[in-house]
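Novice: Let's see this in three dimensions:
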Amino acid sequence: MNAGDRDRDAAGRARNARPRDGLGRPLPRGAEGVGRVPDDLVLAPAESLVEAQRLLDAGMPFHAHEVLEGTWKAAPEHERDLWQGLAQLAVGLTHLLRGNRTGAAALLRRGSERIAPYAAEPPHGVDVSGLLAWVEAATGDSASVVGPPRLRQVDGDPRREFLAERRAASAHRYDTLHSADYDEQWGEIGPVHARFVRRLIERVPSGGEVLDVPCGTGKYWPMLLDAGLRVVGADQSLGMLEQARHKHPEIDSRLLALQDLGTADDLLGRFDGLLCVDSLENVGPEDWPGVTAGLAAVLRPGGPAYVTVEVHPDPLPPPSDPRQVPGELFGGGGYHYYPSREQVIRWLSAAGFAVDDEAEDDDYWHLLVIGQPG
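Specialist: This is a model prediction of the structure:
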């Protein structure tokens, strides 16, 4: 293969297109591997820890190491050893699961030496003491049965633990179950969805910039691009993002969950319009106020947003987990929350939104809302 034949990204940088399995081992060309972490992915510390933990829990420590490595390369000098050490722990676990216990032990000890100085005052809630204890277990006689490490300290709140589990499970389901055939199964845009996207376009200034979050596979991007608008996408699923990037490599997209939108400083006050479609059902009640505040925070004053809220026409089944609250549907690994319309309006109003148009169709309540004027 010569240099001209290499797979390259939208910026012309060479990338390794060889498929890999969940432990980073290369597979034959043409084989179906697991989703890859983008070579240039750099997440903020909180996002990096959430995504790396999800990958560790999913049995993909090699991919977790790539996430942590990206954050290490962008970290301030006083945190670089912490992030490098975390990445080494993930690589060490990769070797352990591959059966290379000698190499694993060396990498795990090297990583523990890097993170140990942070034990007294760990940044970003990293559970340094717990990780050091995990390394001791992983390099001992029972290493073959050790589970994935916990990167952050657990506060012991059962509800928060439940929501964190559901959030990780949701991203994993989209990565592994839905992303490959999402467009084939759900790629058609319904008439009411299309009407509300057009209503949003009418409200956005010519050539304006629109954020689509979660963007999924970029289902609505052609409508926005055909209208002459600029688009930025964000999603918590790497699998869905890869599908979107394959279709639209020119679009700026990033790994970012709805719950973390308000922490992305470079997005605040930036957008002339926003889509948040077919996704709020995956947000728990405790997170709704922060999510609506995040949606408002990224819009320019008076900017429009098209949001949908899933409706459930039938009575919900009884809870299957003692940590559930009314309105939650949990089963088969999935999670949906169905707030009342009155509660949705209260949350939107608290974030400064006013309803401009609404309709119900296809099990969704469609809302065009306008942000607070400047």
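
Novice: does the residue nearest to A58 when sequence neighbours are not counted count as helix, strand or coil?
Specialist: Leaving aside its sequence neighbours, A58 sits nearest to H172 (C-beta to C-beta, 6 or more residues apart in numbering; 5.3 Å). In short, each C-beta sits where N, CA and C put it, glycine included. Secondary structure state of H172, per DSSP: H, G, I helix; E, B strand; the rest coil, is helix.

Novice: Repeat that for V344.
Specialist: Under three-state DSSP, V344 comes out as helix.

Novice: now swap in A305 and tell me
Specialist: Classification of A305 by three-state DSSP places it in strand.

Novice: In which helix or strand does W365 reside?
Specialist: Taking DSSP states H and E as the criterion, W365 maps to strand 364-370.

Novice: And V135, by the same measure?
Specialist: helix 128-138.

Novice: what comes up buried for that helix?
Specialist: 128, 130-132, 134-135, 138 (16 or more other C-beta atoms under 10 Å).

Novice: hang on, the earlier thing: residues near the residue nearest to A58, how many?
Specialist: Counted with other C-beta atoms under 10 Å, the neighbours of H172 add up to 18.

Novice: And it, how far from R98?
Specialist: 21 Å (C-beta to C-beta, to the nearest Å).

Novice: in the stretch 1-150 of the chain, which spans are strands?
Specialist: Using DSSP state E, counting those that start in this stretch, the stretch 1-150 of the chain contains no strands.

Novice: which regions of it lie under the pLDDT threshold?
Specialist: 1-22, 27, 30-36, 141-146 (pLDDT under 70).

Novice: quick revisit: ok, now how distant is the residue nearest to A58 from R150?
Specialist: For H172 relative to R150 (C-beta to C-beta), the value is 17 Å.

Novice: F353 too?
Specialist: 37 Å.

Novice: Which one of the two is surrounded by more residues?
Specialist: Remark: of F353 and R150, F353 carries more neighbours, 24 against 15, as counted by other C-beta under 10 Å.

Novice: does that one really touch L368, like I thought?
Specialist: No. Here F353 does not reach L368: they are 10.0 Å apart, not a contact under C-beta atoms under 8 Å.

Novice: Using the record's assignment, carve this protein into domains.
Specialist: 3-145, 166-370 (automatic domain parsing).

Novice: Turn the ones you listed into CSV, columns for distance to P158.
Specialist: CSV is the format used below for these (distance: least, C-beta to C-beta, whole Å):
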stretch, distance to P158
domain 3-145, 18
domain 166-370, 5
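
Novice: Let me see the ranges of the strands in the stretch 151-300 of the chain.
Specialist: Under DSSP E, counting those that start in this stretch, the stretch 151-300 of the chain gives strands at 209-212, 230-235, 252-255, 273-276.

Novice: so of these, which one's packed in deepest?
Specialist: Of these, the one with the most neighbours on average (mean count of other C-beta atoms under 10 Å) is strand 273-276, at a mean of 26.
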